[in-house]
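>>> Attaching a predicted model along with its sequence, questions to come.
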Amino acid sequence: QSQLMESGGGLVQPGGSLRLSCAISGSTLAYHAIAWFRQAPGKEREGVSCINRSDGSTEVSDSVKGRFTISRDSAKNTVYLQMNSLKTEDTAIYFCAADPDLYCAGEPQQQDFTSWGQGTQVTVSS
């Protein structure tokens, strides 16, 4: 069974950048849609971005549009989230999620995804 493992979180100053990685053990062919979610303390988990394996199309939430970019490296079985111009409100635990049948259209919804990683902490603070 494939598993998802996030990495790349850490502490960064406002305006800085981080790149998160979601390494997929096994074959990426097992999944069609792979997404990033985040959950800040005391808040609901929200969808950040999603990428579709079949055509490489992506979706990005309005809250991070223009700052975050999702991408994939199929040879490395890895999906990335490049985060630029980070703000304090981006502080959260970031999760990678995947589903074998879903086609992402619009902001990803957590109930649509069947496999999840453990999460990686991102803290934006001066």
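Yes, it's here.
>>> all strands for the protein, in order.
3-7, 10-12, 18-25, 33-39, 46-52, 58-60, 68-73, 78-83, 92-99, 115-116, 120-124 (DSSP state E).
>>> Ala105 is nearest to which of those?
Closest to Ala105 of these is strand 58-60 (Cβ to Cβ; 6.9 Å). Backbone N, C-alpha and C define where each C-beta goes, glycine included.
>>> For that closest one, enumerate the helices and strands it packs against.
Strand 58-60 makes packing contacts with strand 46-52, strand 68-73 when contacts are defined by 3 or more Cβ pairs under 8 Å, 6 or more residues apart in numbering; DSSP states H and E.
>>> Now do the contacts for the residue nearest the centre of the chain.
Most central in the chain under Cα atoms, centre = their mean is Trp36, positioned 2.1 Å from the mean C-alpha point. Residues in contact with Trp36 (Cβ atoms under 8 Å, 6 or more residues apart in numbering) are 20, 22, 47-50, 70, 79, 81, 94-97, 108.
>>> next one: Tyr80
Arg19, Leu20, Ser21, Cys22, Ile70, Ser71, Arg72, Asp73.
>>> Between those, identify the one with the most neighbours.
Cys22 (26 neighbours; other Cβ atoms under 10 Å).
>>> if I look at it, how far off is Thr114?
Using Cβ to Cβ, to the nearest Å, Cys22 is found at 15 Å from Thr114.
>>> what do you get for Ile70?
For Ile70, the distance to Thr114 - Cβ to Cβ - is 19 Å.
>>> and if you look at Asn84?
Where Thr114 is concerned, Asn84 sits at a distance of 30 Å (Cβ to Cβ).
>>> Turn the helices and strands packed on strand 58-60 into a markdown table, columns for distance to Gly119 and mean pLDDT.
Converted to a markdown table, those look like this (distance: least, Cβ to Cβ, whole Å; pLDDT from 0 to 100):
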| stretch | distance to Gly119 | mean pLDDT |
| --- | --- | --- |
| strand 46-52 | 13 | 97 |
| strand 68-73 | 17 | 96 |
